[in-house]
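Participant: okay, here's the prediction I keep looking at, along with the sequence it came from:
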Amino acid sequence: MKKQGKTAAGAGMGRLGGICSAARLMAMCLSAALLLGIAACGGGGNQAAATTTAAPPATSAADETTAAPAGDAAADETTASADAATTAAPAATDAATEPAGEFAEHIKFTMSVIDAEKAGLDADGNIEPHLQWLYDKFNIEFEFYPLTWDNYIDQTRLWLASNDAPDLIMFDVAAVRYSEFVQSVNDGLLKPYTNYEQYPNLKAKMDIASTGRQFIVNGELYAWPAFLDSSANKFRMMTAPYYRKDWAQAAGLYQADHIYTWDEWYTLVKTVVEQDPAGNGQTIGLIGIDWSLPKYWGPGSISPYILQYGPDGAGGYTWGPLLPESLDAIKLIKQMYDDGLIWSDQVMVKAEDTENNFDGGRLFAVSSPSTSPGGMRDVFKRFKETNPESNPEELIDFAYFEGPDGKILSYETNDHWSQEAMNANLSDEAAERWKTVLDYLVSDEGYYYIALGIPGVDWHYDASGEPVADWAQNEDGTYKAPMLNAWPWARLAASADNADLIKPNMPEHVRKLYGELVDIVLDDSKVRQIPVDVDLAFFTGEAFGSVGTLEADIYQEVAGLLISNDAEGDWNRWVESKRPVVQPAIDEINAALKK
């Protein structure tokens, strides 16, 4: 028999130990909420109307990808502080900006999303009530064009090139693709968010945006930045590996404060592998997603710009692999592999290898490039599902390790991840309807709609104006989320990682642990912060746009060096072979930006 539970949305958050150690963490999360919005990602080629054509089949491969933010699937990559100003931003309206009259005409938008096959559907394949409520409120409907993590960049290019893009198009404009985005604007493929300033919540977000303002081109906003809600974390990327606490304790090397020096971490992983708690020589030290390999495993602390362009120490810029310290980083990662810390099959790693080996009791630690509340919750949940008799709280912990410089490395992130554009063929009426929907989704109430469900049904405001969840409970007392498969469509106008903290189904021990990790990353005495260089991150130039960062090539080369008999020589030869390729981009960047 189900019980009905009424729980303050922020229950337990005051005991979190604090995002930013604030006495009212809830207030911080709620003000950060203003940077969240939901809806689909930007612009396509079919005009929204009562009917639309079916989505063309998706292609299968992309040549370049970037990491999703924490709660999405990895992440990742990123920049400066839009949400930080949210707490000080003027209050925006909580309700949708409704034009005079009713929404008489039904409008169906086509929208590109990842995981389209399950977006907004319940277990029986029907539209779930949470999304249906939005449809009814604005007299709209979404038809989802399918994307995958493997093809979402190339598929969007193909749709645009063939004039088959959906009405609302998901973009992921990383630095190397910014020139391409601007070209799409100049080619007339995208419709501007004209007069977005007339929508108070859209205006409030853009007024405090930092990197998000880069999508104002020729005086018009051409893509809505999916703002992050991490202002309370000062947009500092949290890269805390999760690991087997019980194995560390058995080795006598566990650090309860979540901080290891580099030597302590190195010794711990090596000792655990040697003690072989998995048995039969099956214990693995570290596994990480391929793109996290050279950046987040300690080598990044030696050369934080190894995957990108960065300062050359003389007021200019160079390509990261050309920096002398990048060779030192390669030597370190090769040593880690040769000493048995890194999985012997890392060169062939697949995304599922981390979870399968960790939950299967063979892996000590997972290199986590981005640590979020939802991601942390899922680590404990997956382990429990695989090991029903275990108590994951006693077996798993998260930690930071200091680099060889004695500092925890943290990259400043963008104020957003991904963008949502409108197809140039979208009618003016449909564009205004979409801006009205989006204005609601980025409002305070819209944030709680995303995080907690239907207002007045799944949650309500108490007398003090705080949201209170009215979620049903299962027989074991756990809470049942009222919205299903909202992520594909809901996060494309905003990323809501910290929204998990105000959900009643977030375990208290995860709230506490996350708060402790946030306190550490906000301590300037312990952290080496790599700031966002906005001019470089959104640089446009012919040579730079043609060459890019060669990030995927660097991943592949570093992985191959793990099994090389001459890693130093192979690295030097490879870097020199790329020098003539990247030099025109370096010269172009320095001509424009060198101080």
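Facilitator: Arrived safely. Numbers count the residues shown, from 1 in each chain.
Participant: average model confidence for stretch 300-307?
Facilitator: Mean pLDDT, stretch 300-307: 91.
Participant: and the end-to-end length of it?
Facilitator: This stretch, stretch 300-307, spans 9 Å end to end (CA to CA, to the nearest Å).
Participant: can you list contacts of that stretch?
Facilitator: Stretch 300-307 is contacted by residues 262, 294-295, 299, 310-311, 320-321, 323, 325-326, 328-329, 332, 402-405, 407, 409, 411, 528, 530, 549, 551, 554-555 when judged by CB atoms under 8 Å, 6 or more residues apart in numbering. (Each C-beta comes from the backbone N, C-alpha and C, glycine too.)
Participant: so which of those residues are in helices?
Facilitator: 262, 299, 325-326, 328-329, 332, 551, 554-555 (DSSP state H).
Participant: export those residues to a markdown table and tack on neighbour count and distance to L536?
Facilitator: Listed next are those as a markdown table, based on neighbours: other CB atoms under 10 Å; distance: CB to CB, whole Å:
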| residue | neighbour count | distance to L536 |
| --- | --- | --- |
| W262 | 18 | 28 |
| P299 | 27 | 22 |
| E325 | 15 | 18 |
| S326 | 24 | 17 |
| D328 | 13 | 23 |
| A329 | 27 | 20 |
| L332 | 22 | 26 |
| E551 | 22 | 14 |
| I554 | 24 | 17 |
| Y555 | 18 | 21 |
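Participant: how about these in a markdown table, adding distance to G285?
Facilitator: Output for those, formatted as a markdown table (distance: CB to CB, whole Å):
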| residue | distance to G285 |
| --- | --- |
| W262 | 15 |
| P299 | 15 |
| E325 | 24 |
| S326 | 23 |
| D328 | 21 |
| A329 | 18 |
| L332 | 14 |
| E551 | 25 |
| I554 | 23 |
| Y555 | 20 |
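Participant: mind giving me the domain split of this protein?
Facilitator: Under the assignment automatic domain parsing, the domains of the chain span 68-232+415-495, 242-412+508-593.
Participant: looking at the ones you listed, which has the lowest confidence?
Facilitator: The bottom spot among the domains of the chain, by mean pLDDT, belongs to domain 68-232+415-495, with a mean of 85.
Participant: can you give me the strands for the stretch 451-595 of the chain?
Facilitator: In the stretch 451-595 of the chain, strands defined by DSSP state E, counting those that start in this stretch lie at 459-461, 467-469, 472-473, 494-495, 527-530, listed in chain order.
Participant: pick the most buried one from those.
Facilitator: Using mean count of other CB atoms under 10 Å, the stretch among the strands of the stretch 451-595 of the chain with the largest mean neighbour count is strand 494-495, at a mean of 30.
Participant: please state the offset of it from the chain centre?
Facilitator: Put simply, strand 494-495 sits 9 Å off its chain's centre (CA atoms, centre = their mean, to the nearest Å).
Participant: now the two most distant members of the ones in helices among the contacts of stretch 300-307.
Facilitator: W262 and E551 (24.8 Å; CB to CB).
Participant: name the nearest of the ones in helices among the contacts of stretch 300-307 relative to D497.
Facilitator: Of the ones in helices among the contacts of stretch 300-307, the one sitting nearest to D497 (CB to CB) turns out to be E551, at 23.1 Å.
Participant: you'd agree that closest one is up against W319?
Facilitator: No: contact between E551 and W319 fails when scored by CB atoms under 8 Å: they sit 10.8 Å apart.
Participant: starting at the chain centroid, how far to stretch 452-469?
Facilitator: Stretch 452-469 sits 27 Å away from the centroid of its parent chain (CA atoms, centre = their mean).
Participant: quick one: Y448 is in a strand?
Facilitator: No: read with DSSP: H, G, I helix; E, B strand; the rest coil, Y448 is helix and lies in no strand.
Participant: and it, how many residues sit next to it?
Facilitator: Here the number of neighbours of Y448 (other CB atoms under 10 Å) works out to 25.
Participant: the one 5 residues further on now?
Facilitator: G453 sits with 22 neighbouring residues when counted by other CB under 10 Å.
Participant: can you report phi and psi for it?
Facilitator: With angles defined as degrees, to the nearest 10, G453 sits at phi 120, psi -160.
Participant: got a list of what it touches?
Facilitator: With CB under 8 Å, 6+ apart, G453 has these contacts: 130, 459, 469, 471, 481-483.
Participant: got it, and K331?
Facilitator: K331 touches 567-568, counting by CB under 8 Å, 6+ apart.
Participant: in the contacts of G453, find the pair that's most separated.
Facilitator: The distance between the two most remote of the contacts of G453 (CB to CB) is 13.6 Å, for H130 and A469.
Participant: quick check: neighbours shared by the two?
Facilitator: Joint contacts of H130 and A469 (CB under 8 Å, 6+ apart) are 453, 458.
Participant: ok, back up a step: any chance of the strands of the stretch 451-595 of the chain in JSON lines, plus distance to I216?
Facilitator: Formatted as JSON lines, the strands of the stretch 451-595 of the chain follow (distance: least, CB to CB, whole Å):
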{"stretch": "strand 459-461", "distance to I216": "34"}
{"stretch": "strand 467-469", "distance to I216": "32"}
{"stretch": "strand 472-473", "distance to I216": "44"}
{"stretch": "strand 494-495", "distance to I216": "18"}
{"stretch": "strand 527-530", "distance to I216": "26"}
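Participant: nearest to D229, of those?
Facilitator: Among those, strand 494-495 sits nearest to D229 (CB to CB), with 6.9 Å.
Participant: partners of the closest one, with directions?
Facilitator: Using DSSP bridges, strand 494-495 pairs in its sheet with strand 224-228 (parallel).
Participant: could you export the partner strand as PDB, CA atoms only?
Facilitator: Taking C-alpha atoms only, strand 224-228 is exported to PDB below (Å, rounded to 0.1, in the frame of the first residue of the first chain):
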ATOM      1  CA  TRP A 224      19.300  29.900 -25.800                       C
ATOM      2  CA  PRO A 225      22.100  28.900 -23.500                       C
ATOM      3  CA  ALA A 226      21.200  26.000 -21.200                       C
ATOM      4  CA  PHE A 227      22.300  27.600 -18.000                       C
ATOM      5  CA  LEU A 228      23.900  25.600 -15.200                       C
END
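Participant: just the terminal-to-terminal distance for stretch 276-285.
Facilitator: First-to-last residue span, stretch 276-285, CA to CA: 10 Å.
Participant: buried residues, it. List them.
Facilitator: Buried residues in stretch 276-285, counted by 16 or more other CB atoms under 10 Å: 277-278, 283-285.
Participant: let me see the residues that make contact with that stretch.
Facilitator: 244, 247, 250, 269-270, 272-273, 275, 340-343, 357, 361-365.
Participant: distance to R157 for the contacts of G453 - can I get that in CSV?
Facilitator: Formatted as CSV, those follow (distance: CB to CB, whole Å):
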residue, distance to R157
H130, 32
W459, 40
A469, 41
W471, 41
A481, 35
P482, 37
M483, 32
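Participant: for the stretch 201-350 of the chain, which segments count as helices?
Facilitator: 245-250, 262-275, 299-302, 324-338 (DSSP state H, counting those that start in this stretch).
Participant: just name the most buried of those.
Facilitator: Most buried among the helices of the stretch 201-350 of the chain, counting by mean count of other CB under 10 Å: helix 299-302, with a mean of 24.
Participant: thanks a lot, catch you later.
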